[in-house]
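Asker: just need the structure, nothing else, for what follows:
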Amino acid sequence: MADFKYDIVEHLGVLSENTKGWTKELNLISWNGAKPKYDLRDWGPEHEKMGKGITLSNEEFEALKEIISNL
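Answerer: Numbering: from 1, shown residues only. I've put the predicted structure just below:
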């Protein structure tokens with residue numbers, strides 16, 4: 001597996017936490033030094049491990065907000 005770097009630029013919020021201390025979080029993350037994107041995924045305590053997640057550009061995030069607001 002290739003190495004990659006990430007920087008949590010801004011922690012936006014925690015959606016939930018499980019009994020093992022993992023949290024589902026929304027953050028702005030810069031992957032490999034690129035422009036930060038919205039990122040939704042599970043994180044282990046102290047952010048030492050991460051689960052699978054999704055990343056969204058600003059445009060995708062705005063589209064998602066609009067979809068949710070119309071529910």
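Asker: list the strands paired with the helix or strand harbouring residue 40, with their directions.
Answerer: Residue 40 is part of strand 37-43, with elements assigned from DSSP states H and E. Strand 37-43 has its sheet partners listed here by DSSP bridges as strand 23-31 (antiparallel), strand 50-56 (antiparallel).
Asker: center of the chain - which residue?
Answerer: For the chain, residue 39 is the residue whose C-alpha lies nearest the centre (C-alpha atoms, centre = their mean; 2.5 Å).
Asker: okay, how far is it across stretch 40-49, tip to tip?
Answerer: 14 Å (C-alpha to C-alpha, to the nearest Å).
Asker: residue 40 is in contact with residue 52, isn't it?
Answerer: No - assessed by C-beta atoms under 8 Å, residue 40 is found out of contact with residue 52, at 10.3 Å. Just so you know, the C-beta spots here come from the backbone N, C-alpha and C atoms, and that holds for glycine as well.
Asker: of the two, who's got more company?
Answerer: Shown here are residue 40 and residue 52; by other C-beta atoms under 10 Å, residue 40 has more neighbours (16 against 6).
Asker: give me whichever of the strands paired with strand 37-43 is most buried.
Answerer: Of all those, strand 23-31 has the most neighbours on average by mean count of other C-beta atoms under 10 Å, namely a mean of 18.
Asker: hmm, who's touching it?
Answerer: In this structure, residues lying in contact with strand 23-31 by C-beta atoms under 8 Å, 6 or more residues apart in numbering are 4-17, 36-43, 55.
Asker: try it again with 6 Å
Answerer: 6-17, 36, 39-40, 42-43 (C-beta atoms under 6 Å, 6 or more residues apart in numbering).
Asker: tell me which of these fall in strands.
Answerer: 6-17, 39-40, 42-43 (DSSP state E).
Asker: ok, which pair from those residues is furthest apart?
Answerer: For these, the farthest-apart pair by C-beta to C-beta is 7 and 16; their separation is 23.6 Å.
Asker: the two: which is more packed in?
Answerer: For residue 7 and residue 16, the more surrounded residue by other C-beta under 10 Å is residue 7, and the numbers stand at 12 against 9.
Asker: for the closest residue to residue 10 other than its chain neighbours, give the beta-bridge partners.
Answerer: With sequence-adjacent residues excluded and distances taken as C-beta to C-beta, 6 or more residues apart in numbering, residue 10 is closest to residue 28, at 4.2 Å. Residue 28 has the following beta-bridge partners by DSSP bridges: residue 10, residue 38.
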